[in-house]
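K.L.:
Mind looking at a prediction? Sequence and model below.
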Amino acid sequence: MRRWLLHLVLAGTCLAETPLQLVVMDPLALQLSCTCVKGTGHRRYDLLAKQMEKQLGREVQLTFDESLALALQRTNGEADLVIGKDAVVRADAVKAGLKLQDVAALTDPRGETKLRGVFLVRQDSKAKTPADLAGQKVAIGPVEDAESNAGAKAMLKAAWRELGSMDAAALALSDGEVDAAVVSEFMPVLLEGCGKLDKGSTRTIGTTEGVPFIRLFANEGIDKAKLAQALESVASNPDLLTALESKNGFVIEDNDAWPDWRGEGRRGVVSSLPDKLPDPLPKLWSAPLTGPPMAGAAISGDFVIVPDKSEDGKTDVFRCLSLKDGHERWQLAYDAPDDLEYTNAPRATPVIHAGLVYLQGALGHLHCVDLTSGHIVWWRHVFADFKAERLNWGASVSPLVIDDKLIIAPGAKDASLVALNRKTGETVWQTPGHAAAYSAFIHAKDQIIGYDAASIGGWDVQTGKRLWDHVPPDGSDFNVTTPVMQGDQLLLATENNGARLHRFDAQNRLVPEPTMKNVDLAPDTCTPTIAASRVFATPYGELFCLELATMKTLWRQQNDMFHDHCNIVTDGRHVLLWTANGDLILLDAAADKFQPISQQRPFLDKHPDSLAHPAFAGDLILLRSSKEIACFRLTP
C-alpha cells in the first residue's frame, strides 16, 4: 500500500496536559491505504481521536506512517499510543527500543480481531487447495506479515520466495514468476480495485490460520484503565463504528486471562515464554488442595478458578483464589459421592466468559456461577437432564462458549450434542447421535468440531444439525485429544489412527482422506501443539517432533517421564512441557534434536501425579501437585 507521510494535529481547546501522541500504522487507515474500493481502506482515525479527546479530556495528535521508526522521527521519539498490525508494531517497537503494552484489539466488519492470509493462484492454475502447491514456487511477505509468512510455511513445504511486501508477492504472481502468492485476506479486492491485479485474474484456494490483526498499544506511562474506558465508548457510537469499518469497536485485551481448556481458543498458546527458566522458579504462593490434580485452573484478572474434591471423595469443591496471593475468595461445594474409574474428581477445566464461570463436575453436575461472588446463576445435570448414560471416566469435556450458546455433550441417543443458553441454562437445541467422548470441542470453520464415541464431526452452531462425520479407518479410539485447527487444515492425533492432517472441501466438510499422516505419533491423551511449523506430542514414553507440512518425524526422544500424560504449550518460539511426574521442560521449537534449554521439578513431591493443565497469566504459571496449587514466576 502507498505511504502517506502525514502529521495531523487536531485543533481544539488547549488542555493542561501534554498532548497524547497517537501513531497510526493500520494499513486500512484512509491515509495509508488505496482508496479505490468503497468500504475498505477508509478508516477515519481523526474521528477516533476526537472521541478520545472527549473521553480523556486531553488533546490527541495523530501521525500516520507504515514505519514506527519514521513516525518517531517526526514526533521527536514520542509515541504514547500506537495502533497497527500486531506483528508489525511489535517488531518495530523492539527495533526502536520502545516498551509498549497491548491494550485493545479493533474488530473488523465481521466482528473478528484476527487476520488470515489467503493463497492466490492464477485462474488457469490446476491447484485446488494449498496442499496442491507442495514443491511449487510460492511468494510470501516478510516475517512481520505473519499471516502471509509463518502462516503459509506452517501449512506446506514449498519453494518459498520471501519478498519485501505482500504487494510484491502479488505482482510476482501476476507476472508469472511464481505459482502462487499468500497475501492478507483484505488485499485481493484492493489489489484489483487499484489496478495492481487484473479483475478476475486470480482466485483463492485456501487460508492460513488467523493471527492478531489491528491492536492498540500504549507506553508504560499511560493509565490503561482510563484508556480502556475511552475505547469502550466507541461501541456505542454507530457513526464512529462505520468510520472505523468496525462491527463492535475495540475489544479490551486481558493479558492475564487463561479462560478455558488450553487457554484462549483452546490452542495451547501463551503470549510469551522466557529464553531460559530461572532455577529454581520463584514461588510466589501456594494454596492447599484436598483432591487429586485432574483438572487445570482458569484465570481472569485476579480470579483463579480451581476444581477440587473433598478429602473423603464425597463432595465436588470449586475454589476461587486470588491470583495476587492465593487466598480463597469463595467456594462452591455440593454432594458428588458416586465412584468412578480414576477417581471421581472433576476433570474439566472451568470456562470463564463475560463475568460468568462454567463448572463441570465429573459426575455430570454443571453450574454457572457469578465470577466475582460465586453466586449460582443456574445449574443443570448433563446426564440426568438428557437421560444419558454416565461415561466410565465421567464428564471430562469443558463446555464450549459460542456467542450466547454453551455447547455440552451429554451423549444421549436424542441429545448427543446440546446447546444451552449460557445465561439461563435453558436448552436451545439438541441433536441426536452417538455416545459422548472425552475430547473438548472447538469452534472453527463456522461450525462446532469434535468427537463423539464413534467419529469426529461438524455441527451447525445455530441448529445443531450434523454437517459431516468421519469414522477413522483403523479402529475406534477413546477420543481424548482435542482437534487442532491449523490454517485450513485439521490436525487429528489418536492412539489407534496416528496423527493426520485433513483439509475441508468447498462446503466446509472434512475430506476423509488425510493430506499427510504419521502412524508413529499416536497419543492416547496428549493433545498436539504446533510451534515453528512443527508438531509436538507425547505417546507412551516418547516425545515426538514432526514437520507439519509433511508430517515426517524430525526427531523423537524416549524417556520414562513422557510415559504418562503430558501438557504442552508454546509461544511460537519455545515449547514448554509439564509432565504428570512434575517435570517442567523448556525447548527451542526449532531445534534439530531433543535438547532442553531448562528442565526442573518445581514441587518437592517425588510423584506429583499431576494431570492438570498449567494455567498462565503474564509471566506467571500455576501448577498443581497432589497436595497444592502453586504460583511460580517464569522470569527471574
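P.N.:
Now that the structure is in, tell me what you want to look at.

K.L.:
and the gap between Asp370 and Leu163?
P.N.:
Distance, Asp370 to Leu163, by CB to CB, to the nearest Å: 52 Å. Backbone N, C-alpha and C define where each C-beta goes, glycine included.

K.L.:
between the two, who's got more neighbours?
P.N.:
Neighbour tally, Asp370 and Leu163, criterion other CB atoms under 10 Å: the higher count belongs to Leu163, 21 against 13.

K.L.:
how about the nearest residue to that one, chain neighbours excluded?
P.N.:
Ala169 (5.0 Å; CB to CB, 6 or more residues apart in numbering).

K.L.:
Now do the same contact list for the one you found.
P.N.:
Ala139, Ile140, Gly141, Ser148, Arg161, Leu163, Val178, Ala181, Val182, Val183 (CB atoms under 8 Å, 6 or more residues apart in numbering).

K.L.:
What of Phe250?
P.N.:
Ala104, Ala105, Leu106, Thr107, Leu216, Leu231, Glu232, Val234, Ala235.

K.L.:
What of Tyr540?
P.N.:
Pro523, Asp524, His563.

K.L.:
ok, for the last one, nearest residue in space, not its chain neighbours?
P.N.:
Okay, so that is His563. Gly541 (4.2 Å).

K.L.:
again, but for Gly572
P.N.:
Ala531 (5.9 Å).

K.L.:
Can you report phi and psi for the most centrally placed residue in the chain?
P.N.:
Closest to where the C-alpha atoms of the chain average out (CA atoms, centre = their mean) is Gly265, at 3.8 Å. Here the main-chain torsion angles of Gly265 (degrees, to the nearest 10) amount to phi 70, psi 10.

K.L.:
Could you list which of the contacts of Phe250 belong to strands?
P.N.:
Residues of the contacts of Phe250 located in strands (DSSP state E): Ala104, Ala105, Leu106, Leu216.

K.L.:
what about the last one, neighbour count?
P.N.:
For Leu216, the neighbour count with other CB under 10 Å is 25.

K.L.:
And for the first one?
P.N.:
Counted with other CB under 10 Å, the burial measure for Ala104 works out to 24 neighbours.

K.L.:
Leaving out chain neighbours, which residue sits closest to it?
P.N.:
Nearest to Ala104 is Phe250, by CB to CB, 6+ apart, at 4.1 Å.

K.L.:
so what's the one you found scoring on pLDDT?
P.N.:
Per-residue pLDDT puts Phe250 at 91.

K.L.:
Relative to Ala333, how far out is it?
P.N.:
As defined by CB to CB, Phe250 lies at a distance of 39 Å from Ala333.

K.L.:
and what of Leu20?
P.N.:
Computed with CB to CB, the distance linking Leu20 and Ala333 is 49 Å.

K.L.:
May I see the domains of this protein written out as residue ranges?
P.N.:
6-112+213-252, 114-211, 264-633 (automatic domain parsing).

K.L.:
Reformat these as a markdown table; add distance to Trp258.
P.N.:
Output for those, formatted as a markdown table (distance: least, CB to CB, whole Å):
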| stretch | distance to Trp258 |
| --- | --- |
| domain 6-112+213-252 | 16 |
| domain 114-211 | 19 |
| domain 264-633 | 4 |
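
K.L.:
circling back to that earlier point, return the set of residues that bridge with the closest residue in space to the residue nearest to the centre of the chain that isn't next to it in sequence.
P.N.:
Using CB to CB, 6+ apart and skipping residues adjacent in sequence, the residue nearest Gly265 is Ile442, 8.0 Å away. The partner list for Ile442 in beta bridges (DSSP bridges) reads Ile449.

K.L.:
who's in contact with Ile442?
P.N.:
Ile442 neighbours (CB under 8 Å, 6+ apart): Gly265, Arg266, Leu400, Ile448, Ile449, Gly450, Thr482, Pro483, Val484, Met485.

K.L.:
Closest to Gly582 out of the contacts of Phe250?
P.N.:
Ala105 (36.1 Å; CB to CB).

K.L.:
Grab the nearest non-local neighbour of the closest one.
P.N.:
Sequence neighbours aside, Thr113 is the residue nearest to Ala105 in space, at 3.9 Å (criterion: CB to CB, 6+ apart).

K.L.:
Comparing Leu20 and Ala333, which residue is more hemmed in?
P.N.:
Legend: neighbour count by other CB under 10 Å for Leu20 and Ala333, higher for Leu20 (21 against 13).

K.L.:
in terms of contact, does that one touch Arg58 like I think?
P.N.:
Yes. Using CB atoms under 8 Å, Leu20 is in contact with Arg58, at 5.7 Å.
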